[in-house]
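1. show me how the following folds:
(one chain, ligands or ions: 1)
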Amino acid sequence: MAAVAAGVIAELCAVGLMALAAWLITRASEQPALSALSLAIVGVRACALARGAFRYLERLAGHDAALRVVARLRPQVFRARAGRPALRDGDALSRLVSDVDSVQELLLRCLSPAAIALVVATGSVITCTVVATTSGVVLAAGLLVDLVDGARELAAFGALPAAAARAEQHAARLRRRDGAAARSSSALFAAGILVQGVTAVGVTWMALLAGVPQTSVAVVGFLALAAFETALPLTDAARRWTEHFPALRRIAELLAAPPIALPKPNSQDLALHAVSVHYDRPALNNVDLTVEPGRTVAVVGASGAGKSTLLGVLAGLVAPSAGRVERPETRAATQDAHVFSATIRENLLLAAPDADQTRCERAAAQAGLLDWIRCRPAGFDTLVGEAGQPLSGGQRQRLLLARALLAEPDVLLLDEPTEALEPELADEVLTRVLRTRTGRTTIVVTHRLACLDQFDEIVVLDAGRIVQRGPHRDLAAVPGPFRDLRDAEALTDFAIRAQDDPDAAPRRSPGEGCANVEPAQPSGILQQPHDHRTCRPAARR
Ligand SMILES: Nc1ncnc2c1ncn2[C@@H]1O[C@H](COP(=O)(O)OP(=O)(O)OP(=O)(O)O)[C@@H](O)[C@H]1O
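-> Numbers count the residues shown, from 1 in each chain. Sure thing, here's the model as predicted:
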């Protein structure tokens, strides 16, 4: 509202500037006393200065309002989206992000200019009508013709998506249509300018016929020209509207949609009974699993064994093809979650809008990100995402983990939460998440087999079936799938270290758990070792 008001004043100043200048020139030709012109001279200067100041205020207030709307909308959309299976679809998620950005475009580039143009056009018509009624009528008619032009523009651009869809199969036709659309766009713009000129001439002529003083004739003529300056950009606003409106519709549909029908909490335990999931082939096969409240479970297995699918079923994101699921309230953090172009705090608060600084710091500390955040000059107000500070894979992952932890869910489901971290840091973060969990059920899908001695139970999946389960000490004591996986990991680990440093000995021999892992270096940054206690780059090891 403030932006529209500032915009209207800026445009009225622009129109007033033209009108006053016209009056001044015409009146000056009559060679009156200078005192008769002084007020108009001051008016011209005031209008010129005020126009710039109010344009600046309009931009400021407009962007402020749009960013506020977007900041309120994003968590709403995020929550409406959370829990829906499509959240796991990267395309759907990025479209969701750009949809919210489109709302910003609609507010700033379509609605605000349209509201300003409407008020300024009405004001100009009224002024012209006061000077000479017929001039006002001509100006109103001219502006209407221009708006109809805009509407045709709208129709032309509105037809583009349909044309583009058809042209996907006929690329040549698309090029021809694109060319035609560009030509029609230019023609419409030229027509707008023609209407502007014809209307200005018509308004001036009508004022002459009405016999009003010469100075007033000049005023209404220039006023008519200036009035179009706010109306002409509406063709561009119309083009943007047709581009961005579908995004607004998608968001409205999403917010209006009833919440996803997640099965109601029907148990304190998290339990799967004979659950199978078939995509084009089986991903889970007759799985039984019961996790009591407060327990910690690690799900391991080779790639494609069905770990993420199992987690998806537990979270309610994947519907089982057969079997029964019992679940208390659950919240899942998956690696598909998005880091928004916003501050670290705003990214965290998506999960818990009411969380205070202490909770944010606690979650960041648990995720191993607090030291890094404190080393940023702006701390939690550091801008991240596309428009902000680039994040390494590990920083991004820890931010997403902190967001999930901030929600303080009863059941935390994590799919490879430390996948992008250096092994030592991964172990450090996982250890902290488990040690600070205060009774929360925690289920973690992981490829990394260190630290598993900290879990109450390990579930080993192979080809969609649970092939082994039990505490670490039991599984580590007998030959079987878990030992096979662990030996394979130790060998890979050794091979990588040997490649990096031929003299290096394996840091962890098969059978050692997290407690035996070398004390974690507080590196925090993947690409460049960093000492967070001093916020300075650390010497490379
Ligand atoms: N949305 C899907 N559509 C079709 N097949 C899928 C889908 N998701 C998973 N699958 C298939 O189901 C099987 C299990 O996949 P899942 O992602 O659960 O395995 P995973 O153990 O988590 O693997 P990774 O460790 O590589 O992430 C795989 O064969 C996979 O190709």
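2. regarding the protein, what is its longest helix?
-> In the chain, assigned by DSSP state H, the helix with the most residues is helix 34-81.
3. for that helix, packing partners?
-> With contacts defined as 3 or more CB pairs under 8 Å, 6 or more residues apart in numbering; DSSP states H and E, the packing partners of helix 34-81 are helix 2-29, helix 90-105, helix 112-131, helix 234-256. Yep, even glycine has a C-beta here, placed from its N, CA and C like the rest.
4. those helices in the stretch 201-350 of the chain, which residues are they?
-> Taking DSSP state H, counting those that start in this stretch as the criterion, the stretch 201-350 of the chain contains helices spanning 214-231, 234-256, 307-315, 344-349.
5. could you measure from the nearest residue to P282 once chain neighbours are set aside over to R281?
-> Distances taken as CB to CB, 6 or more residues apart in numbering place G464 nearest to P282, at 5.2 Å, with adjacent residues excluded. Using CB to CB, to the nearest Å, one obtains 9 Å as the distance from G464 to R281.
6. so A3 is in contact with A61, correct?
-> Yes - in terms of CB atoms under 8 Å, A3 counts as a neighbour of A61; the distance is 4.0 Å.
7. more neighbours: these two, which one.
-> Set side by side, A3 and A61 show more neighbours around A3, with 23 against 19, by other CB atoms under 10 Å.
8. for the ligand, what are the nearby residues on this structure?
-> Along the chain, the residues adjacent to the ligand under the rule CB under 6 Å from any ligand atom are Y279, D280, A283, G301, S303, G304, A305, G306, K307, S308, T309.
9. list the contacts of the fourth one.
-> If a contact means CB atoms under 8 Å, 6 or more residues apart in numbering, then G301 has K307, V460, L461, D462, L485 as its contacts.
10. what's the neighbour count on the fourth one?
-> For D462, the neighbour count with other CB under 10 Å is 17.
11. could you do the third one as well?
-> Under the neighbour criterion other CB under 10 Å, L461 is assigned a count of 25.
12. roughly how far does the closest residue to it other than its chain neighbours sit from C451?
-> Counting by CB to CB, 6+ apart, G301 is the residue found nearest to L461 once chain neighbours are left out, at 3.6 Å. With distances taken as CB to CB, G301 is found 17 Å from C451.
13. CSV for the helices of the stretch 201-350 of the chain, including mean neighbour count and mean pLDDT?
-> Conversion of those to CSV gives the following (neighbours: other CB atoms under 10 Å; pLDDT from 0 to 100):
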stretch, mean neighbour count, mean pLDDT
helix 214-231, 24, 77
helix 234-256, 17, 78
helix 307-315, 24, 89
helix 344-349, 23, 88
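14. surely the residue nearest to P282 meets V287?
-> Yes - because the distance of 7.5 Å satisfies CB under 8 Å, G464 is recorded as touching V287.
15. okay, and the common contacts of the two?
-> Counting by CB under 8 Å, 6+ apart, the shared contacts of G464 and V287 are S276.
16. give me the phi and psi for the residue nearest to P282.
-> According to degrees, to the nearest 10, the main-chain angles of G464 amount to phi 80, psi 0.
17. number of residues surrounding it?
-> When neighbours are defined as other CB under 10 Å, G464 has 22 of them.
18. could you do M206 as well?
-> Quick note: M206 (other CB under 10 Å) scores 24 neighbours.
19. V138 versus that one, what's the distance?
-> In this view, M206 and V138 are 5 Å apart by CB to CB.
20. tell me where the stretch 401-541 of the chain has strands.
-> Listed in chain order, the strands of the stretch 401-541 of the chain (DSSP state E, counting those that start in this stretch) span residues 411-415, 441-445, 457-462, 465-470, 530-531, 536-537.
21. the fourth one pairs with which strands, and in what direction?
-> Which is strand 465-470. Strand pairing for strand 465-470, determined by DSSP bridges: strand 457-462 (antiparallel).
22. what does the first one give?
-> For strand 411-415, sheet partners with direction are given as strand 331-333 (parallel), strand 441-445 (parallel), following DSSP bridges.
23. the longest one to helix 307-315, inter-axis angle?
-> In this structure, strand 441-445 runs at an angle of 150 degrees to helix 307-315, with axes from the mean of the first three to the mean of the last three CA atoms, to 10 degrees as the basis.
24. what's strand 441-445 in contact with?
-> With contact meaning CB under 8 Å, 6+ apart, strand 441-445 is reached by 270, 291-300, 307-308, 310-311, 314, 328, 410-417, 430, 433-434, 455.
25. next: stretch 127-143.
-> 19, 121, 124-126, 195-196, 198-200, 202-204, 206-207, 209-210, 212, 216, 219-220, 223-224, 227-228, 231.
26. would you mind listing the buried residues in that stretch?
-> Neighbour counts over stretch 127-143 (16 or more other CB atoms under 10 Å) mark 127-129, 131-132, 134-140, 142-143 as buried.
27. what is the nearest of those to R249?
-> Of all the buried residues of stretch 127-143, the one with the least separation from R249 (CB to CB) is L143, at 28.9 Å.
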